[in-house]
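Undergrad: Take this sequence and fold it.
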Amino acid sequence: MNLNPSTQINLFGHKKIFNDLLKLYKNDKLPNKILLSGEKGIGKSTLAYHLINFVLSQDDEHKYDYENNIINSENKSFKLIQNKSNPNFNLIDVAEDKKNIDINQIRELIINLNKSSFNKKKRFVLIDNIELLNINSINALLKILEEPNENIIFILIHNNKRVLSTLKSRCLNFKVFLTKDQSIRVINQILNNDICNFINDELIDNYITPGKLYKLIKFSEEYSLDFASLNLNETLKTIFRDKIYKKDKSIVETVYSFIELYFRNNISIKNINLLQSYHYFLEKINNTRIYNLDEETLFMEFEDKVLNG
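TA: Numbers count the residues shown, from 1 in each chain. Purely as a prediction, here's the structure:
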């Protein structure tokens, strides 16, 4: 199964906020600048795609199934978005080989928005991971938002990280949230299985959003790691020994979170050395992220000084 938000025909766990957005749309009060804020993997982008499909499929033969919160996979708007050819939809996200959304992506968006519309339907711009906009991209985007076209709806996705107040203040902000029990129900619906068969309670508490839990399952399956009966010490040693983080760059962030979890599980006031190591490695992780440093040096040092120390 692929959890790409654009392909998710079912919407789990966000019925209330979805209904609130639809009510605004039906009353012709849907703002043209919407900010969806929440933890990464909570379902913000999936929620956005369902709203977009509801609006764009109203005249389709196979329109959105409102009663069951399901996108009809036969509807034209859904197929066009999958093929990246829907004239009423623009997606902006960080490119795979980049760390930020750069100015050229916003310039290309401006060119597309200035083109004549093929129909009278609403046009949507979905900008995912807005915290990854660089300063030039933000300034260019602000100019678009300050001169809105009433037929264009911007949906910005924010992962609860720092973002310019000037950007947030121009949007109607919706907080997207799931409790632990709701997250577990959602991931169980996605898996059609019990998450506890794959991941232990400790990790469920640490990776509480459905998206994060799903990625963790895929990670464990691909590299034969047993997260149902997790020994964090041995798991980290296996990751470092086999250099799994080199095979898939997305795993690096998972390793960082495992390191932080290791410290939280083992730290105590009595163990001053471990407490000092905790602050030391948190700073190293932060610097590695910011300055794009070599994570392998950090991992080797952690293994040598902490796991084997």
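Undergrad: wait, what's in contact with the residue positioned nearest the centre of the chain?
TA: Among the residues of the chain, the one closest to the centroid is Lys40, at 4.0 Å (CA atoms, centre = their mean). By CB atoms under 8 Å, 6 or more residues apart in numbering, the residues touching Lys40 are 159-160, 209, 211-212. All C-beta spots, glycine's among them, are computed from the backbone N, C-alpha and C.
Undergrad: Please apply the same query to Glu74.
TA: Contacts of Glu74 were listed using CB under 8 Å, 6+ apart, and they are 61-62.
Undergrad: try 10 Å this time
TA: By CB atoms under 10 Å, 6 or more residues apart in numbering, the contact set of Glu74 is 60-62.
Undergrad: what's the average pLDDT for the helix or strand hosting Ile110?
TA: Assigned by DSSP states H and E, Ile110 falls within helix 103-114. Across helix 103-114, pLDDT averages out at 94.
Undergrad: list the helices and strands that helix packs on?
TA: Here helix 103-114 touches strand 89-92, strand 123-127, helix 135-146, going by 3 or more CB pairs under 10 Å, 6 or more residues apart in numbering; DSSP states H and E.
Undergrad: Return the most buried member of those.
TA: Highest mean neighbour count among the helices and strands packed on helix 103-114 (mean count of other CB atoms under 10 Å): strand 123-127, with a mean of 23.
Undergrad: roughly how far out does it sit from the chain middle?
TA: Its chain's C-alpha centre and that of strand 123-127 lie 16 Å apart, by CA atoms, centre = their mean, to the nearest Å.
Undergrad: quick one, it and helix 103-114 angle?
TA: Orientation check (axes from the mean of the first three to the mean of the last three CA atoms, to 10 degrees): strand 123-127 against helix 103-114 gives 170 degrees.
Undergrad: Can you name every helix or strand that strand 123-127 contacts?
TA: On a contact count with 3+ CB pairs under 10 Å, 6+ apart, strand 123-127 meets strand 33-37, helix 44-56, strand 89-92, helix 103-114, helix 135-146, strand 152-158.
Undergrad: So what angle separates the directions of that strand and helix 135-146?
TA: Strand 123-127 runs at 150 degrees relative to helix 135-146, counting by the same axes, to 10 degrees.
Undergrad: Mind listing the strands strand 123-127 pairs with, and their directions?
TA: Here strand 123-127 is paired, per DSSP bridges, with strand 89-92 (parallel), strand 152-158 (parallel).
Undergrad: Make JSON lines out of these and add distance to Ser224 and mean pLDDT.
TA: Shown next, in JSON lines, are the strands paired with strand 123-127 (distance: least, CB to CB, whole Å; pLDDT from 0 to 100):
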{"stretch": "strand 89-92", "distance to Ser224": "34", "mean pLDDT": "97"}
{"stretch": "strand 152-158", "distance to Ser224": "33", "mean pLDDT": "96"}
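Undergrad: Would you mind measuring from Lys249 to Leu275?
TA: According to CB to CB, to the nearest Å, Lys249 and Leu275 sit 30 Å apart.
Undergrad: the more surrounded of these two?
TA: Leu275 (14 against 11; other CB atoms under 10 Å).
Undergrad: ok, back up a step: what are the buried residues along the helix holding Ile110?
TA: 103, 105-106, 109 (16 or more other CB atoms under 10 Å).
Undergrad: do stretch 21-38 as well
TA: The neighbour-count check on stretch 21-38 (16+ other CB under 10 Å) flags 21-22, 25, 30, 32-38 as buried.
Undergrad: quick one, helices of the chain?
TA: 15-26, 44-56, 76-82, 103-114, 135-146, 165-168, 180-191, 201-206, 210-222, 232-242, 244-247, 251-266, 272-291, 295-302 (DSSP state H).
Undergrad: Quick one, which of those helices gets closest to Ile153.
TA: Among the helices of the chain, helix 44-56 comes nearest to Ile153, with 8.0 Å by CB to CB.
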